[in-house]
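>>> Dropping a prediction and its sequence here:
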Amino acid sequence: MEIILETLLWIIKCVVEIYFILNIVNVALYWCMHFNIIGQGGTEFKKFLSFLHKITEPVYAKLREYIKPIQGFDISPYALIIALMVVQHILEQTCRALHG
């Protein structure tokens, strides 16, 4: 039973880490495009941006219901990053507790 729980926690941890990384990339690309460090790019880059938008925007939209922009600045991506960091920490502590 313990091996199943460890495996399940590992899978959840991997999914959270991947989503965390994709959110960091999304925020970094937003700021790079905002300050014209990078342009809109070609079709593959636009497909990647569309992919990022599709996987992050539903969560951002839900967070925006509770966290309003501050002077027009949307902080929902940063709130999500912090929340994912907390979840990662909880998962790591849970894994450590299982190993004794």
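Structure's in. What do you need? Residues are numbered from 1 along each chain as shown.
>>> the longest helix in this structure is where?
With secondary structure taken from DSSP state H, the chain has its longest helix at helix 2-34.
>>> Who are the packing partners of that one?
Taking 3 or more C-beta pairs under 8 Å, 6 or more residues apart in numbering; DSSP states H and E as contact, the helices and strands that helix 2-34 lies on are helix 43-64, helix 76-99. Quick note: C-beta positions are derived from backbone N, CA and C, even for glycine.
>>> so where's this protein uncertain?
Low-confidence regions of the chain, defined by pLDDT under 70, span residues 100.
>>> how about 50 then?
Low-confidence segments of the chain, defined by pLDDT under 50, are absent.
>>> Over to residue 39: give its phi and psi.
Note on residue 39: backbone dihedrals following degrees, to the nearest 10 are phi -90, psi -170.
>>> how deep is it tucked in, by neighbour count?
Other residues near residue 39 come to 9 when the count uses other C-beta atoms under 10 Å.
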